[in-house]
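Engineer: What follows is a predicted structure for the sequence shown.
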Amino acid sequence: MALDIILLGPPGAGKGTQATRLEAERGMVQLSTGDMLRAAVKAGSPVGLQAKAVMEAGELVSDEIVSSLIGERLDELGVDTPVIFDGYPRTAAQADALDALLKARGRHLDHVIELEVDEEALVTRITGRFTCANCGEGYHDQFKLPLVPGTCDRCGHHEFKRRPDDNAETVRTRMAEYRAKTAPILPIYEARGIVTRIDGMADMDSVHDAIEAVLAPA
Ligand SMILES: [Zn+2]
């Protein structure tokens, strides 16, 4: 039976990178409700048309529509395709709906994997980064300064730039948003004993190996 998981992680934890790798190596398919919605609207499927009407009326797409959308997509993919749920569920009601959707198709949620980050370390990592304004070479105040101060190692340019979003306040706001979004569902899956937390601050290969150890225990 296909392995179905939820992958969670705050911005900066490398969730996208890990999901892409699971898709490439395991043939998993990442299901993001936003992407599915856009695809269904574009394809003009019955659920897509329904969603389009709701959105055009300026209303939020209901849980029922989202459920139909996921059901439609799961049927398309077939029982042998393992999926990664991304950004869904967000509420206890959605978690129940997801269980029912999966059960009706002979599937179930195997793991909830959360990539954890240390907020202080993340702030340091993000606020310290800057790039060469000319060639784009990446640097960091603490981890990778140019060898000759003020001079790009790669191209010799003297101007550098920082992204306006790379500030402590933005990082902390995003972390708070993430916690608020996952708070309603984590306890549900913790009670089932299917949550694994992995250090998202580790290098990408280590994170990948840790995920593999959960998905395919030796
Ligand atoms: Zn440069």
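Structural biologist: Good, I have the coordinates.

Engineer: separation between the residue lying farthest from the centre of the chain and the ion?
Structural biologist: Using Cα atoms, centre = their mean, the residue of the chain lying farthest from its centre is residue 148. It sits 37.4 Å away. From residue 148 across to the ion, the span is 12 Å (Cβ to the ion, to the nearest Å). For glycine as for every other residue, the C-beta is placed from the backbone atoms N, C-alpha and C.

Engineer: And for residue 190?
Structural biologist: Distance, residue 190 to the ion, using Cβ to the ion: 47 Å.

Engineer: Just confirm that residue is within a strand.
Structural biologist: No: assessed by DSSP: H, G, I helix; E, B strand; the rest coil, residue 190 does not belong to a strand; its assignment is helix.

Engineer: Using the three-state scheme, assign the residue farthest from the centre of the chain.
Structural biologist: Classification of residue 148 by three-state DSSP places it in coil.

Engineer: In contact with it, which residues?
Structural biologist: Contacts for residue 148 (Cβ atoms under 8 Å, 6 or more residues apart in numbering) come out as none.

Engineer: Repeat that for the one 5 residues further on.
Structural biologist: Residues near residue 153 by Cβ under 8 Å, 6+ apart: 137, 146, 147.

Engineer: so the first one makes contact with residue 154?
Structural biologist: It refers to residue 137. Yes: counting by Cβ atoms under 8 Å, residue 154 is a contact partner of residue 137 at 4.4 Å.

Engineer: which one of these two has more residues nearby?
Structural biologist: Legend: neighbour count by other Cβ atoms under 10 Å for residue 137 and residue 154, higher for residue 137 (17 against 13).

Engineer: Where does pLDDT dip in the chain?
Structural biologist: Along the chain, the parts satisfying pLDDT under 70 run over 218.

Engineer: Pull up the residues of it that are close to the ion.
Structural biologist: 132, 134, 135, 137, 152, 154, 155, 157 (Cβ under 5 Å from the ion).

Engineer: And the top strand by length along the chain, what does it pack against?
Structural biologist: Using DSSP state E, we find that the single longest strand of the chain is strand 109-116. When contacts are defined as 3 or more Cβ pairs under 8 Å, 6 or more residues apart in numbering; DSSP states H and E, strand 109-116 packs onto strand 4-8, helix 92-103, helix 186-191, strand 195-199, helix 204-215.

Engineer: Show me what it pairs with in its sheet, parallel or antiparallel.
Structural biologist: According to DSSP bridges, strand 109-116 forms sheet pairs with strand 4-8 (parallel), strand 195-199 (parallel).

Engineer: Show the contacting residues for residue 172.
Structural biologist: Residue 172 touches 119, 123, counting by Cβ under 8 Å, 6+ apart.

Engineer: wait, I meant residue 4
Structural biologist: Counting by Cβ under 8 Å, 6+ apart, residue 4 touches 82, 83, 85, 102, 107, 108, 109, 110.

Engineer: so residue 47 sits in a helix?
Structural biologist: Yes: membership of residue 47 in a helix is supported by three-state DSSP.

Engineer: That one and residue 31, how far apart?
Structural biologist: Residue 47 sits 14 Å away from residue 31, taking Cβ to Cβ, to the nearest Å as the criterion.
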